[in-house]
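>>> okay, sequence plus prediction incoming.
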Amino acid sequence: MWDWLHDSFGSVGHFVALAIFVAPLAALAWPAWHYVGVQRTKQRHERYVDYHDLIRRLVLGYASDKGPMVDCQIATAFELRNYREYRKVSVRILEGLSHDWKERHKDAAGNTPPQLNRLLKEMLLATRQLRKPLVLQWLLRGE
């Protein structure tokens with residue numbers, strides 16, 4: 001080992017100089033690494049809270065007499081596309097809600113109200129987008 005050090009650095013002095021240079025870098029790198037880890041954990045928690053708020057807004061239910069609520073739910077269904085880490089459960093939630101709301105809000109003729117159809121269409125589009133492979137989502141993100 002000493003032969004390798006001597007051949008690589010020429011003398012122990014060069015090795016000590018290198019150690020003196022590397023040690024402070026390592027001392028600076030550790031807090032930076034720790035900071036990034038803490039920030040990543042905070043961001044993950046914020047996304048968790050945001051996602052569950054979106055789901056809560058969507059699941060509050062379709063109310064046929066409240067147009068703005070439907071528009072909010074349409075925007076929420078669209079926004080779920082940005083939470084790829086929850087895509088599998090989002091697809092299950094969107095499909096389940098679509099099925100439930102279609103059945104629950106049919107009139108005597110078997111038709112669903114136009115506002116609900118708008119919401120169901122957006123939920124279907126979001127489901128299709130979430131089912132695409134992640135690479136394809138990235139390539140088609142401007143869609």
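It's in. Numbering: from 1, shown residues only.

>>> quick one: average pLDDT of stretch 52-61?
Averaged across stretch 52-61, pLDDT comes to 88.

>>> same question, stretch 87-107
91.

>>> next one: stretch 134-143
63.

>>> with stretch 39-48 instead?
95.

>>> how far away from the center of its chain is that stretch?
For stretch 39-48, the separation from the chain centroid amounts to 10 Å (computed by CA atoms, centre = their mean, to the nearest Å).

>>> next: stretch 110-124.
Worked out by CA atoms, centre = their mean, stretch 110-124 lies 26 Å from the chain centre.

>>> buried stuff in it?
Thr112, Gln115, Leu116, Leu119, Leu120, Glu122, Met123 (16 or more other CB atoms under 10 Å). In short, each C-beta sits where N, CA and C put it, glycine included.

>>> from those, which land in helices?
Gln115, Leu116, Leu119, Leu120, Glu122, Met123 (DSSP state H).

>>> sec struct for the spatially closest residue to the fourth one that is not a sequence neighbour, please.
Taking CB to CB, 6 or more residues apart in numbering, and ignoring the residues beside it in sequence, Leu120 has Ser98 as its nearest neighbour in space, at 5.4 Å. Here Ser98 takes the helix state, with states given by DSSP: H, G, I helix; E, B strand; the rest coil.

>>> same check on the one 10 residues further on?
Of the three states, Ala108 takes coil according to three-state DSSP.

>>> which residues touch the most centrally placed residue in the chain?
Centroid-nearest residue in the chain, with CA atoms, centre = their mean: Tyr83, separated by 2.8 Å. Tyr83 is in contact with Arg47, Asp50, Tyr51, Leu54, Ser90, counting by CB atoms under 8 Å, 6 or more residues apart in numbering.

>>> which SSE is immediately downstream of the helix or strand harbouring Ala29?
Under the criterion of DSSP states H and E, Ala29 resides in helix 12-59. Sequence order places helix 67-79 as the next helix or strand after helix 12-59, per DSSP H and E.

>>> give me the buried positions along that following helix.
Met69, Val70, Gln73, Ile74, Thr76, Ala77.
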